[in-house]
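A.B. asks: Sequence and predicted structure, then a few things I'm wondering about:
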Amino acid sequence: MGAAEPAGGLQVGDRGVTPLARVVTDVGGIDKEFDYLVPPGLAGGADGQLAVGTEVRVPLGGRRVGGWVVARPGAAPGGITLRPVAKVRGIGPTPDLVDLAGWAAWRWAGRRGTFLKTASADHAVTRLPERDGAGSPRPPARPGRTPVDLPPGPGVHVVRLAPATDPTPVVAEAARRGPVLAIVPTAARAAVLATRLRRAGGDVALMPGDWPAARAGCAAVVVGTRSAAWAPCPDLGAVVVIDAHDEALTSEGAPTWSALRVATERARRSGVPLYALSPCPPLEILAAGRLVPADRGGEISGWALTEVVDRRGDDPRLGLWSERLVTLVRGATPGQRVACVLNRTGRIRLLACAACGELARCEVCHAAMSSPAPGALHCPRCGHDRPTVCPTCGSTRFKALRLGTARAREELERLADRPVGEVTAATATLPGDDVLIGTEALLHRLDPASGLAAVAFVDFDQELLAPRVRAADEALSLLALASRLVRGRTGRVLVQTRAPDHAVLRAAVQADPVIALEGQAELRRALRLPPYAAVAVVHGDAAATWVGAVGAAAGGAIEVIGPDPAGRWMLKAADEAILCDALATVPRPAQGTLRVAVDPARL
């Protein structure tokens, strides 16, 4: 492929300009490769060589754009006039990451430029630091006992650690076998992990700021968030993904790439082990590797005491607040915080029988049902419909359980007779009140060192019965996060629910996450959902025509479902190779909008 050159271009074969560089640009919507001439001495070498991965500036369509060298072809076809590389911007990803970007573009129906940008420094890097001394970077000493024995050898090892267990010793132990890439869901936790490893005497690069040091091989541990799956780590010895179940490790925007999946492929290509740490590994992670559980005593002590409040028999006039929750809030001593979680923003409408209090649940998939029209109940997950009749008591009267955090704060303040602060995703500063109420964002804003005594989930049924495939996984993940915040058995987690026998709650109470998986495998296998199928969700005004072409290209190997009321289509295939090959075969439409989400986190 060549970039056309207007008058004044350089002809292939001209003396001193024969070296070529194949470039992928950072221009959105363009994933083609362009060949450019390399002028003598541009990169400082005798023959003007540019390494694969080097960031460059090149002319394209009358302007200069950024890009990456992805190959060094020996020669271009004769008779083609090519334009020269305009400038070397700096050092870019290593060749192995350039190759990995091509795989990721296929895997998530994206463009290589998206992944190459993630794999690059956030500023131009023209020189790399030198290593201190002649030896390898210093691995950290183990800061405490390692809770599990890490299996050696390549492959995915699913390490089940209790929520309150510190993963630092695991990372330090892995670093004794060679440079380690450690991926953490949040920047705050990545900074804490880097600090602890440095205190243990290790050479640590915290991404993205320490990208040059990581690229130069000056770090025994490279630590970062989701984008660190693309961080440079020469002589990679192992990969550790902490809280591998966390949704933050999957990109919400297209391409919906997963840091765990990228890290798994990277470890496979390097022939090194990947340790996926999680207190509650879901089916997708368990299907990818071998489970390595911690000792039972450590697991029990790492989960908080979980108290389940059954609200089915409560007086309806109590509203959201059980007597037990009000007592917990009133009894909190000064300096010991209580966090109350009420998820409403962007959530489903929850219905309960006005007579007996039983939730309106689907008989097929057990998700919560809504009422789109008088006299009818509809399941948003599987599409099942039935009349508004309670199967428990026969009543035809249902009430909507819906109350926002602002009104809930006012009610709780009156009941507890003390100030209550409200926290949502839009809250800039965390209130100083000892009692807080907010959406799920509240849990992500708190720190385990903040003296949190208890977490109360005001209406947990919205999590348990959400019309999503991974609703149970997400619900258990929230309980695990709450256990970490209250530091395991030193605190308490209180859950208000009308489904007290749900497998997720039994798993938290018994500190046994395996219980939460009951029935999930059979249901997903029957519905052909991950991990027993590969799935893509497609929407946009050009989706109908495009998904039809994809289905035809796959020759019947892909099931096309849709559109749903939101205008989304679902594509299902037996495995990712079939699905991704078909998505790569059919070109994107020239006009119209199209968004393709392959294996999105919230399905």
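C.D. replies: Nice, I can see it. In this text, all values refer to a predicted model and were calculated from it rather than measured experimentally.

A.B. asks: So for residue 59, what's the nearest residue that isn't a sequence neighbour?
C.D. replies: Leaving aside its sequence neighbours, residue 59 sits nearest to residue 83 (CB to CB, 6 or more residues apart in numbering; 5.2 Å). C-beta: built from backbone N, CA, C; applies to glycine.

A.B. asks: what ranges do the strands span in the stretch 151-300 of the chain?
C.D. replies: Counting by DSSP state E, counting those that start in this stretch, the stretch 151-300 of the chain has strands at residues 155-160, 180-183, 204-206, 221-224, 238-242, 273-278, 290-293.

A.B. asks: who touches the second one?
C.D. replies: Residues from elsewhere that reach strand 180-183, judged by CB atoms under 8 Å, 6 or more residues apart in numbering: 171, 174, 190, 193, 220-226, 228-229, 231, 233, 236-242, 249, 259-260, 263, 266.

A.B. asks: pLDDT of it, averaged?
C.D. replies: Across strand 180-183, pLDDT averages out at 98.

A.B. asks: Just the helices from the stretch 151-300 of the chain, written as ranges.
C.D. replies: For the stretch 151-300 of the chain, the helices defined by DSSP state H, counting those that start in this stretch cover 168-175, 187-199, 211-215, 259-270, 283-288, 296-302.

A.B. asks: angle of the second one against strand 238-242?
C.D. replies: Our comparison of helix 187-199 with strand 238-242, counting by axes from the mean of the first three to the mean of the last three CA atoms, to 10 degrees, yields an angle of 130 degrees.

A.B. asks: how distant is helix 187-199 from the center of its chain?
C.D. replies: 20 Å (CA atoms, centre = their mean, to the nearest Å).

A.B. asks: how about that helix: buried residues?
C.D. replies: Judged by neighbour count using 16 or more other CB atoms under 10 Å, the buried positions of helix 187-199 are 189, 190, 192, 193, 194, 196, 197.

A.B. asks: What of the last one?
C.D. replies: Counting neighbours by 16+ other CB under 10 Å, one finds that the buried residues in helix 296-302 are 298, 299, 301, 302.

A.B. asks: which residues touch the last one?
C.D. replies: Remark: with contacts taken as CB under 8 Å, 6+ apart, residue 302 is in contact with 161, 162, 163, 164, 165, 279, 294, 483, 488, 489, 511.

A.B. asks: longest helix of the chain?
C.D. replies: With secondary structure taken from DSSP state H, the chain has its longest helix at helix 471-485.

A.B. asks: now that helix: mean pLDDT?
C.D. replies: 96.

A.B. asks: Restricting to C-alpha, output that helix in CSV.
C.D. replies: Taking C-alpha atoms only, helix 471-485 is exported to CSV below (Å, rounded to 0.1, in the frame of the first residue of the first chain):
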residue,chain,number,x,y,z
ALA,A,471,-26.2,-9.5,37.5
ALA,A,472,-25.3,-12.1,40.1
ASP,A,473,-21.5,-11.5,39.4
GLU,A,474,-21.9,-7.8,39.8
ALA,A,475,-24.0,-8.2,43.0
LEU,A,476,-21.4,-10.4,44.6
SER,A,477,-18.7,-8.0,43.5
LEU,A,478,-20.4,-5.2,45.4
LEU,A,479,-20.5,-7.3,48.5
ALA,A,480,-16.8,-8.2,48.1
LEU,A,481,-16.0,-4.5,47.8
ALA,A,482,-18.0,-3.7,50.9
SER,A,483,-16.1,-6.5,52.8
ARG,A,484,-12.8,-4.9,51.8
LEU,A,485,-13.9,-1.4,52.9
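
A.B. asks: If you rank every helix and strand of this structure by mean pLDDT, what lands last?
C.D. replies: Scoring the helices and strands of the chain by mean pLDDT, DSSP states H and E places strand 10-11 at the bottom, with a mean of 40.

A.B. asks: What's the first helix or strand after that strand?
C.D. replies: The helix or strand immediately downstream of strand 10-11 is strand 20-25, counting by DSSP states H and E.

A.B. asks: quick one on the thing from earlier: max pairwise distance over the buried residues of helix 296-302: which two?
C.D. replies: With CB to CB as the measure, no two of the buried residues of helix 296-302 lie farther apart than 299 and 301, at 7.5 Å.

A.B. asks: Next, show the common contact partners of the two.
C.D. replies: Taking CB under 8 Å, 6+ apart as the criterion, residue 299 and residue 301 both touch residue 162.

A.B. asks: Low-confidence bits of this structure, can you list those?
C.D. replies: Residue ranges of the chain with pLDDT under 70: 1-18, 43-49, 75-78, 133-134, 316-317, 344-350, 400-403.

A.B. asks: coming back round to it: please verify my assumption that the residue nearest to residue 59 contacts residue 39.
C.D. replies: No. Between residue 83 and residue 39 there is no contact under CB atoms under 8 Å: 10.7 Å.

A.B. asks: more neighbours, those two?
C.D. replies: Neighbour tally, residue 83 and residue 39, criterion other CB atoms under 10 Å: the higher count belongs to residue 83, 20 against 15.

A.B. asks: if we can go back for a sec, and which of the buried residues of helix 187-199 is nearest residue 545?
C.D. replies: Relative to residue 545, the closest of these is residue 190; by CB to CB it sits at 42.7 Å.

A.B. asks: quick one: contacts for that closest one?
C.D. replies: 182, 184, 206, 207, 223, 224, 225, 228.

A.B. asks: can you check residue 445 too?
C.D. replies: Neighbours of residue 445 in contact, by CB under 8 Å, 6+ apart: 423, 427, 430.

A.B. asks: how much space is there between the second one and residue 421?
C.D. replies: Taken as CB to CB, to the nearest Å, the spacing of residue 427 relative to residue 421 amounts to 9 Å.
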